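Colleague: Take this sequence and fold it.
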Amino acid sequence: MFSTSVSNRTILVPILALVAIQLFFIRSVTSVNETNAYLYHKCFEKDGKYKPKSPYEENINFLISNVWKNASVKDYIYGIEGYRPNTVYLAIQCRGDSYGSKCDTCRSTAYSELRKRCPRNKGAIIWFDRCLLRISPTTFMNKMDLKNKFYMYNRKKVRDPVSFNAKTKTLLNKLTNDATRGGPEREFEVYWLYEQGDMKLDGKMKLHGMVQCTRDIRETGCKKCLDGIIGELPNCCDGKEGGRIVSASCNFRYEIYPFLDTHR
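Modeller: Next up is the predicted model:
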């Protein structure tokens, strides 16, 4: 059902309908993240399948080829193509520090892998480290999705989990407030609904964090989404040196090492 590999550092916990929990292992890196690792995917079987060379597949291909090429802002794209019953809705979201060629490469990889992992599924979603891609026969615009999500965390625990947990929550809450400030004039900024930052810990150590939302849920929905998953920190990452919760609408990550491109 899922592709897995073994690592000594990171555990992936998929949440399926918030009931069944399974453990998997994935690769991770210990320095600035220059990779675009596959994280997770989900095929929505209830949406059915399309046939090869069908109008539905043609509409997907059109969106992938043309909407991306013609978009003025390419870190988040939402597109619609075709008439019922072959309408396709597609969204691509790149991580806030992954724009330009890195975003474009992730998009291409995500589409290729989604076709392999969810062959001919009308509805599916795939997450990579630098982007997510979602297709659906029904609209998901302006609909906050916390049902499709997963946890990832570092195997190592800190010495003082109570203090560390409090500081992690403080940092993520601050980043959430920064990411959701402003109004309509920010809609086409690269950093809209995204924020990264750090916090000093004991000695020379720093805690690094980021938050991000898909742009369709806007500021109010973004804050509600992030507040919701940050509230799940005790279930996900209690005392862990690093962790993240990733949903279809928002995500956060924190580590005790830099993991983002420092372009800001």
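Colleague: quick one: the helices in the stretch 51-200 of the chain?
Modeller: 55-62, 68-70, 101-117, 161-179 (DSSP state H, counting those that start in this stretch).
Colleague: same for the last one, what does it pack against?
Modeller: Helices and strands touching helix 161-179, as assessed by 3 or more Cβ pairs under 8 Å, 6 or more residues apart in numbering; DSSP states H and E, comprise strand 194-200, strand 206-213, helix 218-230, helix 233-237, strand 250-255. (C-beta placed from N, C-alpha, C; glycine too.)
Colleague: need those in TSV with mean neighbour count, can you?
Modeller: Putting these into TSV (neighbours: other Cβ atoms under 10 Å) gives the following:
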stretch	mean neighbour count
strand 194-200	19
strand 206-213	24
helix 218-230	19
helix 233-237	18
strand 250-255	26
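Colleague: Can I get the ones you listed in a markdown table including mean pLDDT?
Modeller: As requested, these are exported to a markdown table (pLDDT from 0 to 100):
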| stretch | mean pLDDT |
| --- | --- |
| strand 194-200 | 94 |
| strand 206-213 | 96 |
| helix 218-230 | 95 |
| helix 233-237 | 93 |
| strand 250-255 | 97 |
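Colleague: closest one to K116 among these?
Modeller: strand 250-255 (23.2 Å; Cβ to Cβ).
Colleague: returning to what we had before: including mean neighbour count and distance to C43, could the helices of the stretch 51-200 of the chain go into CSV?
Modeller: Formatted as CSV, the helices of the stretch 51-200 of the chain follow (neighbours: other Cβ atoms under 10 Å; distance: least, Cβ to Cβ, whole Å):
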stretch, mean neighbour count, distance to C43
helix 55-62, 18, 14
helix 68-70, 12, 22
helix 101-117, 17, 7
helix 161-179, 18, 30
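Colleague: weakest of the ones you listed in terms of mean pLDDT?
Modeller: Of all the helices of the stretch 51-200 of the chain, the minimum mean pLDDT falls on helix 68-70 (a mean of 66).
Colleague: quick one on the thing from earlier: need the helices of the stretch 51-200 of the chain in a markdown table (columns: distance to I217).
Modeller: Formatted as a markdown table, the helices of the stretch 51-200 of the chain follow (distance: least, Cβ to Cβ, whole Å):
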| stretch | distance to I217 |
| --- | --- |
| helix 55-62 | 23 |
| helix 68-70 | 21 |
| helix 101-117 | 20 |
| helix 161-179 | 12 |
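Colleague: ok, so what distance separates F150 from S65?
Modeller: 29 Å (Cβ to Cβ, to the nearest Å).
Colleague: could you list every residue that touches Y78?
Modeller: Residues counted as contacts of Y78 (Cβ atoms under 8 Å, 6 or more residues apart in numbering) are 89-91, 141, 215-216.
Colleague: what about it, distance to V211?
Modeller: With Cβ to Cβ as the criterion, Y78 and V211 are 20 Å apart.
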